[in-house]
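**Q** Sequence plus predicted model, see below.
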Amino acid sequence: MKTSISPADLHTSVISVPPLCRDAQLKPNAAENAKLIKHIEAGGVTTLLYGGNANFYNIALSEYELVLDQLEAAAGPDTLIVPAFGPYFGTAMDQAAILAKKKFPTAMLLPTVAVSSPRGVQAGVMKLVEKYGKPIVLYIKDQGYVTLDVVKSLVAAGAISWIKYAVVRPDPAQDDLLAGLVKTVDPSLIVSGIGEQPAIVHWQKFGVQAFTSGCVCVAPRRSQEMLNAMRAGDFAKADAIRERFNTLETLRNSHGPIPVLHHAVSLAGIAETGPALPLMTNLGDELLDEIQPAAQGLVAWNKA
């Protein structure tokens, strides 16, 4: 596992956001997680972020260290693993104490707006960074979670390794918060966090030259090709690749990005993800019948 991080790491690889495989008893499944990691690595993708798609929101503190150790053991020497922690402060502090003993160069704080305020997030991040001993990933998922002044202060304090920006807009080109963010901090620290769909717009209009993806877990070679095309300035090629992900992405938008991806990885024959960890749930058979051909189509395209 790679134990250092720099802005270049964000721009040379798509940042994959995989599900976490579990067995029938909901225990973390080391063998299946290793299969998924190897599939992603085989596509040239070297950064894996275990956050929402891995349902780290509901992970037990008692299994947290086990999961970290499994992921570290499965990763190749050039693969960067970014685990998540939180979202609640007390849980995050306990997890930060565990992370402090490990070699992960950064970790992402899961966001919540239900019981937070921008200044509270600022204070919490500073305490978490002190406990962890390393800068963390700030995940901006909702309007009002943080202010630009808070982000500027945290970056200036050296508390932030990078920022995952994932506020969904009806038109990704119309985004005053992102426009303000790229003027407030170095855009090289900002990652488009909503998959392939808005990545080209975020790149061309706002100068955000990195993106996360869930569907990359199914077709890693193709998603990485999209990033490479964007880096080369071939946005027509990038857009053609982006469109091929639309079928599965539309299903994720309609029925939940986390459960659809969780099932897609299994139905594509990549790795057995197992049952959904509560408070998530498995999808019905009628939806699986829609997900399977979309997932298998992406795998075939990835191999072609």
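**A** Here it is on my side, so go on.
**Q** Show me what whichever strand or helix holds Leu181 is packed up against.
**A** Per DSSP states H and E, Leu181 falls inside helix 176-184. Secondary-structure packing of helix 176-184 (3 or more Cβ pairs under 8 Å, 6 or more residues apart in numbering; DSSP states H and E): helix 148-156, strand 160-165, strand 190-192, helix 199-206. Any C-beta I mention is one placed from the backbone N, CA and C, and that applies to glycine too.
**Q** so which of these gets nearest Asp289?
**A** Closest to Asp289 of these is helix 199-206 (Cβ to Cβ; 29.0 Å).
**Q** Run through who's touching the helix or strand just after that closest one.
**A** Next helix or strand after helix 199-206 toward the C-terminus (DSSP H and E): strand 212-213. Outside strand 212-213, the residues within contact range by Cβ atoms under 8 Å, 6 or more residues apart in numbering are 14-17, 49, 164, 166, 191-196, 223.
**Q** can you check stretch 60-80 too?
**A** Contacts for stretch 60-80 (Cβ under 8 Å, 6+ apart): 1-2, 5, 9, 13, 20, 27-28, 30, 33-34, 37-38, 41, 46-48, 50, 59, 81, 83, 91, 94-95, 98-99, 102-105.
**Q** just the angle between the helix holding Leu181 and helix 199-206, please?
**A** Here the directions of helix 176-184 and helix 199-206 differ by 60 degrees (axes from the mean of the first three to the mean of the last three Cα atoms, to 10 degrees).
**Q** next one: stretch 240-254 to chain centre, how far?
**A** 17 Å (Cα atoms, centre = their mean, to the nearest Å).
**Q** can you pull the buried residues of stretch 109-118?
**A** For stretch 109-118, the buried set under the neighbour-count rule, 16 or more other Cβ atoms under 10 Å, comprises Leu109, Leu110, Pro111, Thr112, Ser116, Pro118.
**Q** Tell me the one among those nearest to Ala294.
**A** Leu110 (27.4 Å).
**Q** what about the helices in the stretch 51-200 of the chain?
**A** Using DSSP state H, counting those that start in this stretch, the helices found in the stretch 51-200 of the chain span residues 61-74, 89-99, 118-132, 148-156, 176-184, 199-206.
**Q** Buried residues of the first one, list them for me.
**A** When you say that, I think you mean helix 61-74. Result for helix 61-74 [16+ other Cβ under 10 Å]: buried residues Tyr64, Val67, Leu68, Gln70, Leu71, Glu72, Ala74.
**Q** wait, which of those residues is closest to Phe211?
**A** Distances from Phe211 to the buried residues of helix 61-74, taken by Cβ to Cβ, are shortest for Leu71, at 21.4 Å.
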